[in-house]
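>>> show me the folded form of this:
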Amino acid sequence: MGFLYGELLKAKEEIKVALNKNENTYQPIIDIIDSKAKDRLDSPLYLTAYILNPFYCHKDPWIAQQGDIMDGVCSCLEMFFPSDIDKQTNIMMTDLAKYTKKRVLLEK
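Purely as a prediction, here's the structure:
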């Protein structure tokens with residue numbers, strides 16, 4: 001699902017370029033895509049799969065700076081570790097940062 005989300009983002013950018021970045025022309029198409037993907041492809045699990053996919057994560061170092069994606073990752077971590085704030089914080093601040101910078105995660 002991480003690939004599907006990533007390819008959907010790529011397709012939306014290609015649509016914008018194909019329509020000469022004319023917002024009046026491409027925005028109705030993007031709105032339709034977004035409405036169909038809403039609550040389907042933008043789930044916290046799929047967003048987490050997207051950011052953990054090395055194909056996208058290591059190609060685009062700014063992926064971890066995108067608010068909607070990081071909100072999804074936070075929500076996913078809250079679901080997996082509902083009562084362990086320390087674990088959530090460690091994953092977000094340490095492990096994910098190492099991963100997005102192509103470092104090997106070492107067990108402590």
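
>>> pLDDT below threshold where in this structure?
For the chain, the stretches with pLDDT under 70 are 103-108.

>>> can you give me the strands for this structure?
Per DSSP state E, the chain carries no strands over any range.

>>> isn't S75 right up against P44?
Yes. The pair S75 and P44 passes the contact test of Cβ atoms under 8 Å, sitting 3.8 Å apart. Any C-beta I mention is one placed from the backbone N, CA and C, and that applies to glycine too.

>>> just want to know which of those two has more residues nearby.
A count of neighbours by other Cβ atoms under 10 Å puts P44 above the other of S75 and P44, at 18 against 15.

>>> can you tell me how far that one is from L52?
Between P44 and L52 the distance, using Cβ to Cβ, to the nearest Å, works out to 12 Å.

>>> what of A64?
Distance of A64 to L52, given as Cβ to Cβ: 11 Å.

>>> now the helices: where do they sit in this structure?
2-18, 23-37, 44-52, 54-57, 67-80, 85-90, 96-100 (DSSP state H).

>>> just checking, what packs against the longest one?
The elements that helix 2-18 packs onto, with contact taken as 3 or more Cβ pairs under 8 Å, 6 or more residues apart in numbering; DSSP states H and E, are helix 23-37, helix 44-52, helix 54-57.

>>> list the contacts of G6.
Taking Cβ atoms under 8 Å, 6 or more residues apart in numbering as the contact definition, G6 lies against Y50, N53, F55, Y56.
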